[in-house]
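K.L.:
Please work out how this folds:
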Amino acid sequence: MRKLILFLFKSVAYGLALAFILLWLLPALKNVSLPALQQNNNEVLPSPISYNHAVRRAAPAVVNVYTRSTLVDPRALRPRTIERQELGSGVLMSAKGYILTNYHVVYGADYIEVALQDGRWLEAVLIGHDKLTDLAVLYVQEDNLPVIPQDPDLESQVGDVVLAIGNPLNLGQTITQGIISANGNNGLSSQGSYLDFMRMDAAINRGNSGGALVNTNGTLVGINAAAYQLENHDVQGIFLAVPYKLALNVMKKIIKHGRVTRSFLGVSGDAVLNASGERLTSSGQLLYGIRITAVNANGPAAEAGLQIGDIILAIDGQGFKNVQGALNLIAETPPNTKLALTVERNTQRLELTAVAREVL
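P.N.:
Predicted coordinates for the structure are as follows:
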């Protein structure tokens with residue numbers, strides 16, 4: 001018995017001595033306790049990144065668009081009509097019932113129907129369209145319509161996170177996520193080129209066309225249009241949308257006039273940074289004016305007396321930051337409007353007047 005007690009006493013003594021040595025050599029262990037070691041199991045994690053708030057704000061205003069049309073089957077030996085059904089998406093822009101979608105979604109449709117996310121099905125009427133921006137305006141007569149959040153002063157930036165909301169392949173409303181890689185053209189001088197559209201990598205599939213592109217607050221930044229494609233090339237990660245400000249402008253003109261008018265002067269030119277006509281090579285350089293490189297015969301500019309080599313400094317007293325800004329200013333001028341042009345020719349300032357004409 002005595003030997004057992006002596007053995008236990010020695011074991012405890014050796015253990016205390018070893019613990020003392022460890023604490024002396026590793027002072028940090030003094031602050032370690034068993035509850036601290038167990039704390040990792042109960043650690044409070046930060047909330048996961050979520051775009052649920054944006055989706056809840058925007059998604060109810062994105063509708064499914066279904067169209068039906070009849071056409072003659074060109075393959076039949078005898079005249080035979082067939083019914084074609086197409087699908088797409090649309091965005092409720094106004095509580096009055098105006099919906100923006102893509103023109104290619106409703107092109108040739110005999111009957112258009114939209115499905116809201118709350119289960120309502122409504123017949124829609126085509127108010128008008130604009131081929132160059134691939135936009136169309138629909139109207140539904142209904143109360144208590146959800147409207148997409150909008151901010152007319154919003155300036156989207158390259159690198160902004162965006163969400164594409166639509167009905168791809170008729171699978172039901174689906175959200176894809178990406179970033180903006182190019183802002184596109186906000187003005188009416190858009191000619192339908194992919195360079196004029198906003199570019200991003202949120203996936204757009206068949207049925208997404210006409211849906212909403214929103215930021216992480218759920219605010220509309222564009223109308224989804226298409227995937228960028230090249231013949232014989234497999235392009236990935238480049239999808240196109242009509243910028244919000246351009247889409248809104250087109251919608252207002254269609255509602256008011258039934259169509260979109262654009263004006264032109266009939267000149268081409270390069271951005272220059274001084275009176276000698278040295279071309280801009282960087283977006284960081286300040287624009288001096290636009291040096292005319294071509295004048296269309298019998299066009300408004302030719303009739304006003306503009307010549308190759310002239311530098312346009314201002315239009316109707318307004319300056320511009322780039323060629324695109326000048327083209328937008330002209331395009332958005334009502335046809336048959338007189339425009340005062342401030343021009344520099346051989347170091348002399350001239351004031352010329354040109355009458356804008358409608359692009360037909």
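
K.L.:
give me the element the residue nearest the centre of the chain is part of.
P.N.:
Among the residues of the chain, Gly222 comes closest to the average C-alpha position under Cα atoms, centre = their mean, at 3.5 Å. Per DSSP states H and E: Gly222 is located in strand 220-227.

K.L.:
so what strands line up beside that strand?
P.N.:
strand 212-215 (antiparallel), strand 239-243 (antiparallel) (DSSP bridges).

K.L.:
Check which residues of the first one are buried.
P.N.:
Read that as strand 212-215. Across strand 212-215, burial judged by 16 or more other Cβ atoms under 10 Å covers 212-215. For the C-beta atoms, the positions are set from N, CA and C on the backbone; glycine is no exception.

K.L.:
next one: stretch 299-311
P.N.:
299-302, 304, 306, 310-311.

K.L.:
show me where this structure has helices.
P.N.:
Ranges of helices in the chain, per DSSP state H, are 2-25, 34-38, 52-58, 103-106, 244-257, 300-304, 323-331.

K.L.:
Return the residues in contact with the closest residue to Val158 other than its chain neighbours.
P.N.:
Sequence neighbours aside, Ile180 is the residue nearest to Val158 in space, at 5.5 Å (criterion: Cβ to Cβ, 6 or more residues apart in numbering). By Cβ atoms under 8 Å, 6 or more residues apart in numbering, Ile180 lies in contact with 156-160, 162, 198-200, 221.

K.L.:
Recalculate using a threshold of 7 Å.
P.N.:
Ile180 is in contact with 156, 158-160, 162, 198, 200, counting by Cβ atoms under 7 Å, 6 or more residues apart in numbering.

K.L.:
Show me how far stretch 140-160 is from its chain's centre.
P.N.:
12 Å (Cα atoms, centre = their mean, to the nearest Å).

K.L.:
Next, the buried residues of that stretch.
P.N.:
Counting neighbours by 16+ other Cβ under 10 Å, one finds that the buried residues in stretch 140-160 are 140, 145-146, 148-150, 156.

K.L.:
Identify the farthest-apart pair in the residues you listed.
P.N.:
By the measure Cβ to Cβ, Val140 and Ser156 form the most distant pair in the buried residues of stretch 140-160, at 27.9 Å.

K.L.:
Do a quick rundown of the strands in the stretch 101-250 of the chain.
P.N.:
Using DSSP state E, counting those that start in this stretch, the strands assigned to the stretch 101-250 of the chain run over residues 111-115, 121-130, 135-139, 161-166, 174-182, 198-200, 212-215, 220-227, 239-243.

K.L.:
just those: most buried one?
P.N.:
Mean neighbour count (mean count of other Cβ atoms under 10 Å) peaks for strand 212-215 among the strands of the stretch 101-250 of the chain, with a mean of 29.

K.L.:
which residues are contacting that strand?
P.N.:
Strand 212-215 is contacted from outside by 54, 58, 62, 91, 148, 160-165, 200, 202, 220-224, 241, using Cβ under 7 Å, 6+ apart.

K.L.:
try stretch 185-193
P.N.:
132-133, 196, 243, 245-246, 249, 262, 324, 327-328, 331-332.

K.L.:
Asn170: which of those residues is nearest?
P.N.:
Using Cβ to Cβ, these come closest to Asn170 at Thr133, 25.0 Å.

K.L.:
Contacts only, for that closest one.
P.N.:
With Cβ under 7 Å, 6+ apart, Thr133 has these contacts: 190, 242, 246, 250.

K.L.:
how much space between the first one and Lys245?
P.N.:
Shown here: Ser190 relative to Lys245, a distance of 11 Å by Cβ to Cβ, to the nearest Å.

K.L.:
was I right about Arg57 contacting Pro149?
P.N.:
Yes - taking Cβ atoms under 7 Å as the definition, Arg57 is a contact partner of Pro149 at 5.4 Å.

K.L.:
what do those two both touch?
P.N.:
Gly218.

K.L.:
Tell me where the model's unsure across this structure.
P.N.:
Low-confidence segments of the chain, defined by pLDDT under 70: 1-41, 76-77, 192-194, 231-233.

K.L.:
before we move on, the earlier item: any chance you could list what contacts the strand holding Gly222?
P.N.:
Contacts of strand 220-227 (Cβ under 7 Å, 6+ apart): 91, 100, 102, 134-135, 148-150, 154, 156, 162, 164, 166, 197-198, 204, 208-215, 239-244, 247.

K.L.:
Then stretch 138-155?
P.N.:
Taking Cβ under 7 Å, 6+ apart as the rule, stretch 138-155 contacts 57-58, 60-61, 90-95, 97-99, 101, 112, 114, 122, 124-127, 212, 218-221, 244.

K.L.:
Go again with 6 Å.
P.N.:
Among residues not part of stretch 138-155, those counted as contacts by Cβ atoms under 6 Å, 6 or more residues apart in numbering are 57-58, 60-61, 91-92, 95, 97-99, 122, 124-125, 127, 212, 218-220.

K.L.:
if we can go back for a sec, Ser69 versus the residue nearest to the centre of the chain, what's the distance?
P.N.:
For Gly222 relative to Ser69 (Cβ to Cβ), the value is 27 Å.
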